[in-house]
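Below is the structure, and that's it, no one-letter string:
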């Protein structure tokens, strides 16, 4: 159970950023780097660290500008399920869950759940970016802090990290309902059933 919570915590980090959590998980296991991480273990470590450091810096700085935020959002929606799955599987392997040794197919389930969790978190962020046009700077810094914290929690405090991940999922579901209600309210008069017709705030 502890290993599963750790995997959820790591996957949630993949729903915040793409390269930063992968970079952190490698640096936290500096003795093995990414040798146990799916996909990354097949690439030269020097290439991996160059790409991850470059993209992490881009995420940290470009996300603070309007154009950078929009571009990163598209890339993150595409790759967040992959990163979420990789992070979940990697942490589950590192945690040495007994059930995984006996039933390797559990890793696939963890990967699918982790990828879906990361995708849901990213889609809700995209929804709020669409609604607000631009996320407040404090929210962007909060994403950075949450991403780093969730990776650290996955190693040192999996219970807390897993609970935070589930809380984020609950907030994402509630938030998506609010966003959908706002979207439907954009219809005028009797056309609320068709929000895209006669919207007061067109796309």
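Received it, and whenever you're ready, just let me know what you need. Nothing here was measured: the structure is a model prediction, and the numbers come from that model.

Contact partners for residue 119?
15, 77, 80, 81, 84 (CB atoms under 8 Å, 6 or more residues apart in numbering). Quick note: C-beta positions are derived from backbone N, CA and C, even for glycine.

Go again with 6 Å.
With contacts defined as CB atoms under 6 Å, 6 or more residues apart in numbering, residue 119 is in contact with 80, 81.

For it, pull up the helix or strand it's in.
Using DSSP states H and E, residue 119 sits within helix 105-132.

Give the buried residues for the helix or strand that that helix is followed by.
Per DSSP H and E, the first helix or strand lying C-terminal to helix 105-132 is helix 137-156. For helix 137-156, a neighbour-count test (16 or more other CB atoms under 10 Å) marks 143, 144, 146, 147, 148, 149, 150, 151, 153, 154, 155 as buried.

Okay, helices next: where are they in this structure?
Counting by DSSP state H, the chain has these helices, from start to end: 2-14, 19-28, 45-62, 66-95, 98-102, 105-132, 137-156, 158-185.

Can you name every helix or strand that the third one contacts?
In this case it means helix 45-62. helix 19-28 (3 or more CB pairs under 6 Å, 6 or more residues apart in numbering; DSSP states H and E).

pLDDT of stretch 1-16, averaged?
Stretch 1-16 shows a mean pLDDT of 86.

Of all the residues in it, which ones are buried?
Under 16+ other CB under 10 Å, the buried positions of stretch 1-16 are 3-16.

Among the residues you listed, which one lies nearest to residue 184?
If you rank these by distance to residue 184 using CB to CB, residue 15 comes first, at 25.3 Å.

now the nearest residue to that closest one once chain neighbours are set aside: how far from residue 143?
Spatial nearest neighbour of residue 15, excluding adjacent residues (CB to CB, 6 or more residues apart in numbering): residue 121 at 3.1 Å. Look at residue 121 and residue 143: by CB to CB, to the nearest Å, they are 10 Å apart.

Thank you kindly, that will do.
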